[in-house]
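A.B. asks: okay, predicted coordinates and the sequence, questions at the end:
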Amino acid sequence: SNFIRLFFVFAALHIQKTFAVFEINDDSYSKLVITDDRDNLVWLIMFYAPWCHHCHKVRPIFEQLAVASPAQVKFGVIDATLNKISAAENQVTRFPTIRYILKSSYSSQSLNGSYSGPRTLAALQTFVANILSPPFSKVSNLEDLSLLFNRSTLSHTGNDVIFLLNVPSPNSLASPSEDNRVALEQTTRAFKSVASRHYFHALFSISDFNFDQQLSIGATNNPYFYISKVEVYPDGSTIKTTMQTKEHSKYIHHPFICINKACTDTDIEYFVLHENQPLISTLDNHNFKQFSHLDKILIILVDKLQTSSLLIPFQNAAQAITYRNSMIEYQKDTIKMPVFGYLDGIKWRKFIKKYFVQLPSVLIIDFQHDRHRTFNLDSQSFQDDKVFSTIMTSVLEGTIQWEATTTPTILQKIQYRVENYYPWSLFVLILPVLLIVTSICGTKYPDDKKNV
């Protein structure tokens, strides 16, 4: 009887998963997804190919997500090899691709795009929760900010990043000019508009709490309002800074825009799209392509991440460099802070061969200009973060000596393999010679006497 109960339980779960995910084709895609104009209806659709190994791994996670999600979130799967019209409409070029289509009451137009986060159940559940949340929240103290960061801990991009519009407190004694008041109204409208279009990619907040009374931005002390990117230090610690006499909190404010002046939707949207990453990102399949499309330089520590002793000094150097430049107002045409990241040299060994990377190394890539620079490190000699600071500073100051990124020649590939896989590479080169010698020396010739 217990066996029968278990059988029916598993059968019920299988049926529930099956009906929670719609099998969609080109015809039903238009009827089910496009023409349904109900507010706050969300569609998550996975485009797959039958031969795709990763698709088979993600499909059970997608089905679990469908069962656990609210009814207003609909799930579908489309075989992109058979339904090329809907695949083309959604710009599907790789598998699996998870697309979202959202008809939100916060926005006048339908929102759609590709999910670019990790394909884990926890990350996808947080992405769904972000979609169903209001586009922005209000914070009035550090406790509110901490709660908001707790919400983002498992965000779909893995980012603990909040875009904060800091406005004057109602009890503020400041007497702003009429121009300041008008500029604040315009900036607030633009900020809310951008938040309504991107709130499931990033967290937005409006605060009337002055997080630091000693804040200095350029030549402006205690600004009337501003927008900043705020995040938590990777280790949650506090640091001493040269720009402030008191101990800085665990939150980083960097960089700043819209300081006491009106900003448009375009200004704020550009800022959000180019700064929506943490201080240091773990680079992987879900985000590397996104970073490669930014007009930013990537500074990457390449090592065996599970055992690397260089993570802490690299992180300390990135924190120091970032904070020294965090008080400069953000401009489109000024030098942008690079993206700092970790890359697992074992998992990405095929990719790093193109740049002749040895482990451990610092790999600097400028995708815009097809150039790079590799600094091969000795893990015993680079425990000091000053070495990393020197490398990072050379990038910001433009003194780095770049190398053109080209396809390696056959001789370069052989040289790279010999240098990085010695003595195995030496054994592979000698093996054919040993086989030939063995075959010659070991050949048995017929006995002439027996043949007579």
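C.D. replies: Structure received.

A.B. asks: from here on, contacts and neighbour counts on C-alpha atoms
C.D. replies: Will do.

A.B. asks: tell me what the helix or strand hosting residue 67 is packed against?
C.D. replies: Element membership for residue 67 (DSSP states H and E) is helix 53-68. Identification of packing neighbours for helix 53-68 by 3 or more C-alpha pairs under 8 Å, 6 or more residues apart in numbering; DSSP states H and E yields helix 2-20, strand 73-79, helix 121-131.

A.B. asks: from residue 261, how far out is residue 127?
C.D. replies: To residue 261, residue 127 is 33 Å away according to C-alpha to C-alpha, to the nearest Å.

A.B. asks: looking at the two, which is more packed in?
C.D. replies: residue 127 (21 against 17; other C-alpha atoms under 10 Å).

A.B. asks: what residues does the closest residue to residue 86 other than its chain neighbours make contact with?
C.D. replies: Leaving aside its sequence neighbours, residue 86 sits nearest to residue 26 (C-alpha to C-alpha, 6 or more residues apart in numbering; 5.6 Å). Neighbouring residues of residue 26 by C-alpha atoms under 8 Å, 6 or more residues apart in numbering: 83, 84, 85, 86.

A.B. asks: then residue 69?
C.D. replies: 125, 128.

A.B. asks: what residue ranges in the stretch 351-452 of the chain score low on pLDDT?
C.D. replies: Applying pLDDT under 70 to the stretch 351-452 of the chain flags residues 379-384, 411-429, 442-452.

A.B. asks: all helices for it, in order.
C.D. replies: Under the criterion DSSP state H, counting those that start in this stretch, helices of the stretch 351-452 of the chain are mapped to 385-397, 410-421, 424-441, 448-451.

A.B. asks: what's the helix or strand for residue 299?
C.D. replies: Residue 299 belongs to strand 298-303 when elements are defined using DSSP H and E.

A.B. asks: try residue 98
C.D. replies: Residue 98 belongs to strand 97-103 when assigned by DSSP H and E.

A.B. asks: that strand - contacts with which helices or strands?
C.D. replies: Judged by 3+ C-alpha pairs under 8 Å, 6+ apart, strand 97-103 is in contact with strand 41-48, strand 111-114.

A.B. asks: do you know which of those strands lies nearest residue 406?
C.D. replies: Residue 406 lies closest, by C-alpha to C-alpha, to one member of the helices and strands packed on strand 97-103: strand 111-114, at 30.2 Å.

A.B. asks: CA atoms of the closest one as CSV?
C.D. replies: Listed next in CSV are the C-alpha coordinates belonging to strand 111-114 (Å, rounded to 0.1, in the frame of the first residue of the first chain):
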residue,chain,number,x,y,z
LEU,A,111,8.6,44.6,-21.6
ASN,A,112,10.6,41.7,-22.9
GLY,A,113,14.2,40.5,-23.0
SER,A,114,16.5,37.5,-22.3
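
A.B. asks: so which bits of that strand are buried?
C.D. replies: For strand 111-114, the neighbour count (16 or more other C-alpha atoms under 10 Å) marks 112, 114 as buried.

A.B. asks: quickly run through the sheet partners of that strand, with directions.
C.D. replies: As defined by DSSP bridges, the strand partners of strand 111-114 come to strand 97-103 (antiparallel).

A.B. asks: if we can go back for a sec, give me the angle between the helix holding residue 67 and strand 73-79.
C.D. replies: Interaxial angle, helix 53-68 versus strand 73-79 (axes from the mean of the first three to the mean of the last three C-alpha atoms, to 10 degrees): 160 degrees.

A.B. asks: so who does residue 357 touch?
C.D. replies: Residue 357 touches 363, 374, 376, counting by C-alpha under 8 Å, 6+ apart.

A.B. asks: for residue 161, which non-adjacent residue is closest in space?
C.D. replies: Spatial nearest neighbour of residue 161, chain neighbours left out: residue 231 (4.7 Å); criterion: C-alpha to C-alpha, 6+ apart.

A.B. asks: just the contacts of residue 357 now: which is nearest residue 430?
C.D. replies: When the contacts of residue 357 are ranked by distance to residue 430 (C-alpha to C-alpha), residue 376 comes first, at 27.7 Å.

A.B. asks: hmm, the closest one is touching residue 359, no?
C.D. replies: Yes - if you go by C-alpha atoms under 8 Å, residue 376 and residue 359 touch, sitting 7.1 Å apart.

A.B. asks: so between the two, which is more surrounded?
C.D. replies: Using other C-alpha under 10 Å, the more surrounded residue of residue 376 and residue 359 is residue 359, with 21 against 15.

A.B. asks: what's the closest non-adjacent residue to the more buried one?
C.D. replies: residue 303 (5.3 Å).

A.B. asks: give me the low-pLDDT residue ranges for the stretch 201-350 of the chain?
C.D. replies: Within the stretch 201-350 of the chain, the segments meeting pLDDT under 70 span 210-223, 232-255, 306, 325-336.

A.B. asks: show me where it has helices.
C.D. replies: Applying DSSP H, counting those that start in this stretch to the stretch 201-350 of the chain gives helices spanning 265-275, 288-292, 311-324, 349-352.

A.B. asks: can I get the second one in CSV? Just the C-alpha atoms.
C.D. replies: Think helix 288-292. Provided in CSV are the C-alpha atoms of helix 288-292 (Å, rounded to 0.1, in the frame of the first residue of the first chain):
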residue,chain,number,x,y,z
PHE,A,288,30.6,37.0,-19.8
LYS,A,289,28.9,37.8,-23.1
GLN,A,290,27.1,40.7,-21.3
PHE,A,291,30.4,42.2,-20.1
SER,A,292,32.1,41.8,-23.4
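
A.B. asks: what does that helix contact?
C.D. replies: By C-alpha under 8 Å, 6+ apart, the list of residues contacting helix 288-292 from outside reads 298, 339, 367.

A.B. asks: from those residues, pick the one nearest residue 281.
C.D. replies: Residue 281 lies nearest to residue 339 out of those, by C-alpha to C-alpha, at 7.8 Å.

A.B. asks: measure the nearest residue to that closest one once chain neighbours are set aside to residue 280 for me?
C.D. replies: Excluding its sequence neighbours, the residue lying closest to residue 339 (C-alpha to C-alpha, 6+ apart) is residue 298, at 4.8 Å. The gap separating residue 298 from residue 280 is 11 Å, by C-alpha to C-alpha.
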